[in-house]
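Q: Okay, here's the prediction I keep looking at, along with the sequence it came from:
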Amino acid sequence: MNTPESIASLFDKYLRNQCDAKELHFLSEALKKQPSSVFFDLMEKDWDTFEEQNIPDISFQKGDAVMNTILRKKRVSFGSKIHLKNWAAAACLALFIVGTAGAIVRWYQTQPVIYTSTPFRPLQLPDGTQVQLNHQAQVSYQESFWGDFRRVKLRGEAFFKVFPNKHQPFIIEGSRASIRVLGTQFNAKQHKQGLWVAVTEGKVVLSNAQGNSVSLVKNQWGQALDNGSLEVESGDVQNYLSWQEGRFLQFKNVAFPILVNQLERLYGVKMLWPASMRNKYLTSTSRYEPLAQLLPKLSLSLNINYRIENDTVVFSEK
């Protein structure tokens, strides 16, 4: 019988982790059919019996905001005098009310999502952030961005359009460095030597494992190397986006040192060249293509030789 007393008794059993699947379903359905006062009484009685949970990256203020959102969706109002002292317990109750008991598990530990894509296939994260992955790139993230931060792990290269949320910073984690943003657009790459980023809009903070950081704005790029160094440069970043569909790789009377620097960042390889080539310049426009196809054209345009040794491109004069 679905009386307030029987519901309270079953809820006490749930708190002791003694409910089976059938009882959980019954409790969920019963709570949905009861007046708001029953829900309120259960909260008031049991909130203070819960011990505080140590859940990383989630503040009580954040919990209050999330809980209030849930309650508004359910149109259950208890008045402003109620303070959500133990929001984790309240969230469990609210999730029962809306009939999604399975979400309780995800409240404490969301399951990771690992996404690997071919080029040009867009991905939208749970917060609305858009990600375009380069070939064989991979991002992993939690299926729900609960907490004070939105965390994403990156392997390879991707372009991010981060949905603005000043209350929940977006963090990209590399192997030994991270990028922190509030809402902006940038190209990021985790390569063998470290984490690299080129900013097209807004501002990002690039940090290394040693706790050092640097801010980057539009038309700046930087990298946090695994050896602990931080490097920052300024200039047009459009060539670093040339791998995206419909974009071009453009050089307008670019000096050889700058050309090599851009190609190293774009393709993630090391390039060696003699000082005698410093005064060579290149003007060209072409679609992005694999390095193995680009190097012969570059060699012909600049009248130089090249060879590949252990993943390093070595240029020389003809």
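A: Thanks, I have the structure now.
Q: Just the buried residues of the helix or strand hosting Q262, please?
A: For Q262, the enclosing helix or strand under DSSP states H and E is helix 256-267. By 16 or more other C-beta atoms under 10 Å, the buried positions in helix 256-267 come out as 256, 259-267. Every residue, glycine included, has its C-beta placed from N, CA and C.
Q: Now tabulate the residues you listed in TSV and tack on distance to A30.
A: Formatted as TSV, the buried residues of helix 256-267 follow (distance: C-beta to C-beta, whole Å):
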residue	distance to A30
F256	75
L259	70
V260	70
N261	66
Q262	64
L263	65
E264	64
R265	60
L266	60
Y267	61
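Q: of all these, which comes closest to V314?
A: V260 (11.3 Å; C-beta to C-beta).
Q: what number of residues lie near L225?
A: 16 (other C-beta atoms under 10 Å).
Q: ok, now Q142?
A: Counted with other C-beta under 10 Å, Q142 comes out at 18.
Q: Check the one 10 residues further on too.
A: Applying other C-beta under 10 Å, we find 25 residues neighbouring V152.
Q: which residues of this protein score low on pLDDT?
A: 1-5, 14-17, 19, 21, 24-25, 28, 31-112, 117-121 (pLDDT under 70).
Q: Can you give me the domain boundaries for it?
A: What automatic domain parsing lists as the domains of the chain is 4-108, 112-235, 247-317.
Q: hang on, the earlier thing: quick one: list the elements packing against the helix holding Q262.
A: In this structure, helix 256-267 packs against strand 248-255, strand 270-272, strand 281-287, helix 291-302, with contacts taken as 3 or more C-beta pairs under 8 Å, 6 or more residues apart in numbering; DSSP states H and E.
Q: what's the closest of the buried residues of helix 256-267 to D12?
A: Among these, and counting by C-beta to C-beta, the member closest to D12 is R265, at 60.6 Å.
Q: these two touch, right, the closest one and W196?
A: Yes. R265 lies in contact with W196 (C-beta atoms under 8 Å); the separation is 6.2 Å.
Q: Quick check: neighbours shared by these two?
A: Common contact partners of R265 and W196 (C-beta atoms under 8 Å, 6 or more residues apart in numbering): 189, 221, 223.
Q: Compare those and tell me which has the most neighbours.
A: K189 (25 neighbours).
Q: Leaving out the residues flanking it, which one is nearest to it?
A: E157 (4.1 Å; C-beta to C-beta, 6 or more residues apart in numbering).
Q: thinking the one you found is in contact with A188, fair?
A: Yes. If you go by C-beta under 8 Å, E157 and A188 touch, sitting 7.0 Å apart.
Q: neighbour-wise, which of those two wins?
A: Each of E157 and A188 has its neighbours counted (other C-beta under 10 Å); A188 has more, 25 against 22.
Q: Contact partners for that one?
A: When contacts are counted by C-beta under 8 Å, 6+ apart, A188 touches 154, 157-160, 172, 179, 195-197.
Q: now the nearest residue to it once chain neighbours are set aside, what's its secondary structure?
A: Distances taken as C-beta to C-beta, 6+ apart place V197 nearest to A188, at 4.8 Å, with adjacent residues excluded. With DSSP: H, G, I helix; E, B strand; the rest coil as the basis, V197 sits in strand.
Q: Other residues contacting stretch 239-259?
A: When contacts are defined by C-beta under 8 Å, 6+ apart, stretch 239-259 is touched by residues 119-120, 132, 134-135, 157, 159, 187, 198, 200, 221, 235, 238, 262, 265-266, 273, 277-288, 302.
Q: From the residues you listed, keep the buried residues only.
A: Buried, going by 16+ other C-beta under 10 Å: 132, 134, 157, 159, 187, 198, 200, 221, 262, 265-266, 273, 277, 280, 288, 302, out of those.
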